[in-house]
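1. I would like the atomic coordinates for the input below:
(chains A and B)
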Amino acid sequence: MSAAAAGTVRVRLLDVAHARSGDKGDTANVGVIALRLEWYELLARHLTRERVAEHFRGVITGDVVRFELPNLRALNFLLHGALGGGGTLSLKTDAQGKVYSTALLRLVLDVDAGEASRLALPTVG
Amino acid sequence: MPNTDKIVRVASGQGFWGDSLDAPRQQVEHGPVDYLMLDYLAEVTMSILQKQKERDPAMGYARDFLGAVESVLPAVADRGVRVVANAGGVNPESCAQAVLGVAERNGAKGKLRVGVVTGDNLLPRLDELLGSGHELRNMDTGATLDAVRDRVLSANAYIGSAPIVEALAGGANVVITGRSTDTALTMAPLRYEFGWGAEDWDRLAAGIVAGHILECGAQCSGGNCLHDWREIPDLASVGYPIAEACADGSFVITKHPGTGGRVSVASVTEQLVYEMGDPRSYITPDVVADFTSIRLAQDGPDRVRVHGITGAPATDKLKVSIAYRSGYKAVGTLVYSWPDALDKAQLADRVLRERLDRMGLRFDEVLTEFVGVSATHGPLAGAAPAELPEVQLRVGVRGSDRAAVERFTREIAPLVLNGPPSVTGFAGGRPKVEEIVAYWPALVDKSVVQTRVEVLS
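-> Residues are numbered from 1 along each chain as shown, chains lettered A, B, ... in the order given. Model (predicted):
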């Protein structure tokens, strides 16, 4: 893990959110849920479509689509081309995308140090 | 004056075909419930059932359902619990006859009134539909069905709540459908009990959300729950979920007292986002539900109140689930041990691929995974830790040539003696060749699908 940029701290998504994933054809969906209500806004700002697409570069073959569910303090990501053809065609262990949830939780956010302190975010390194 | 205090309890007793055999009985015996909802059908299930029906015309339904009915028979026959299940698969009529047979053998003859919903099966009408301009294009690829028409095994429209409501109104205490939507199995009893109209969009949407929460069984009540998973109590006796619904469409998700697991805002939220697409537009045959309207609140231990749900008018289409033959696949595995477990597994993979190449075998795909290193997260897992105790080599092939896939399955075992060392884990024998039944999602005009309801006793 590389060092945080100046004035920022590193926050593991795993420490601030939980998640569940599933499949529809060759698309996996990952719902990411903020562990605390007050962390949702930060997650919504940091977990952009582009950021998630970058995270899964080389892992999925298609686009990422993002939806917001502030009522559930959740974001929903569709990862297209994630399942090796999907369903019964797929040769993958995770043919149904059941653990794409934890793959997304590997993501590490660079968060402004002041904001991290104000929101009492757990930080690493 | 409608009774605004009325509560209807719908219990989920099966999240898929293969789920706990004990859950249905526990749901009707461990506390009060009005309806038992059992979901048996996944996307590929219909094609498996179609194959079974081709071998034996009396088959083609979820046979586990007969055991479930037997286990809840006293509650249904004597205490007024009603069962709604999509166990009928591609043969709801035979399923209904078999259920009546179960009642007769268990001294409950005349006590079951079995509602049978049919009309979802489009296989016999496929050419008529294609001929009259219904292209049944693949929703994902846009391709027309002609491309795979000669390989189609099953074709079923996802049907909604109306025929189930009709069966309940006709006095059925067991309702069997074919390919109804999973969510309709929960929504229909609520719609029937509370008299919700066909354009009561918000309440219908609420029933659909209740159905989405219940349709995967214990996956909303502590099962597969990542949040705080170490602390979820007594998963060995996990309680399956129950929706306690009110006429206004609000409901509480709970489970029977004394059971394990946990119903929390976190556990319910995880289930709400499961298999979610566009949350503002959760399309069903009855209504388009808006998941961004859902409000959740903890309402005591193991109780989550769900309210505020809104819905929009249904579309004029039904989704169609088509299954077709699409070649063959096989997966072989071997386990390599320390020291240098990953290096050994990687060498075995290269040796295997070289042999397959030399034999001139052609596949559409060959996939190698190293279980214990990168099988589930790929490159995101980072570099393998040094000194791994063991690694499983897992190689899969897929192609249209059955003989080539068969030949592949003969090349795994020899590696034990003629490949890299420290290899074990071959007790399972030669990998099986599996015929692939692929899934083709399409849309069809609602007007072409006519459901029928019959109540047998």
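2. taking chain A, what residue is nearest to chain B?
-> A:Gly31 (2.4 Å; C-beta to the nearest C-beta). Where you see a C-beta, it was placed from the backbone N, CA and C, and this is true even at glycine.
3. which residue sits closest to that residue, ignoring its sequence neighbours?
-> For A:Gly31, ignoring the flanking residues on the chain, the nearest one in space by C-beta to C-beta, 6 or more residues apart in numbering or on different chains is B:Val273 at 2.4 Å.
4. can you tell me the closest non-neighbouring residue to the residue nearest to the spatial centre of chain A?
-> Central residue of chain A (C-alpha atoms, centre = their mean): A:Leu104, 4.0 Å from the mean position. Take A:Leu104 and drop its neighbours on the chain: the residue closest to it by C-beta to C-beta, 6+ apart is A:Val30, 4.9 Å away.
5. could you tell me how many residues sit around the residue nearest to B:Ala68 when sequence neighbours are not counted?
-> Spatial nearest neighbour of B:Ala68, chain neighbours left out: B:Pro24 (4.3 Å); criterion: C-beta to C-beta, 6+ apart. Residues near B:Pro24, counting by other C-beta atoms under 10 Å in any protein chain shown, number 29.
6. now do the one 4 residues further on
-> If you count neighbours by other C-beta under 10 Å, B:Val28 ends up with 22.
7. quick one: pLDDT of the residue of chain A closest to chain B?
-> On the pLDDT scale, A:Gly31 is placed at 98.
8. and it, what element?
-> Per DSSP states H and E: A:Gly31 is located in strand A:27-34.
9. what packs against that strand?
-> For strand A:27-34, the packing partners by 3 or more C-beta pairs under 8 Å, 6 or more residues apart in numbering or on different chains; DSSP states H and E come out as strand A:17-24, helix A:40-46, strand A:74-79, helix A:100-104, helix B:265-272.
10. as TSV, the ones you listed with distance to B:Ala386 would be great.
-> Shown next, in TSV, are the helices and strands packed on strand A:27-34 (distance: least, C-beta to C-beta, whole Å):
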stretch	distance to B:Ala386
strand A:17-24	29
helix A:40-46	33
strand A:74-79	31
helix A:100-104	23
helix B:265-272	35
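11. do you know which of those lies nearest B:Leu153?
-> strand A:17-24 (20.3 Å; C-beta to C-beta).
12. my read is that B:Phe408 contacts B:Leu361, right?
-> Yes: the pair B:Phe408 / B:Leu361 is scored as a contact, 6.6 Å apart, by C-beta atoms under 8 Å.
13. now do the buried residues in the longest helix along chain B.
-> Across chain B, the longest stretch assigned as helix under DSSP state H is helix B:341-358. Under the neighbour-count criterion of 16 or more other C-beta atoms under 10 Å in any protein chain shown, helix B:341-358 has B:Ala341, B:Leu342, B:Lys344, B:Ala345, B:Gln346, B:Leu347, B:Ala348, B:Asp349, B:Val351, B:Leu352, B:Arg355, B:Leu356 buried.
14. residue in the stretch 301-450 of chain B nearest to chain A?
-> Counting by C-beta to the nearest C-beta, the stretch 301-450 of chain B gets nearest chain A through B:Gly396, at 3.3 Å.
15. that residue sits in which helix or strand?
-> Using DSSP H and E, B:Gly396 falls in strand B:390-399.
16. please apply the same query to B:Val331.
-> Judged by DSSP H and E, B:Val331 forms part of strand B:317-337.
17. is that strand anywhere near chain A?
-> Yes: shown here: strand B:317-337 in contact with chain A (C-beta under 8 Å from any C-beta of the partner chain) through B:Ser326, B:Lys329, B:Val331.
18. the stretch 251-400 of chain B against chain A: which residues are in contact?
-> B:266, B:269-280, B:291-296, B:308, B:326, B:329, B:331, B:365, B:367, B:369, B:371, B:375-380, B:394, B:396-398.
19. which stretches of chain B have low pLDDT?
-> Scanning chain B for pLDDT under 70 picks out B:1-3.
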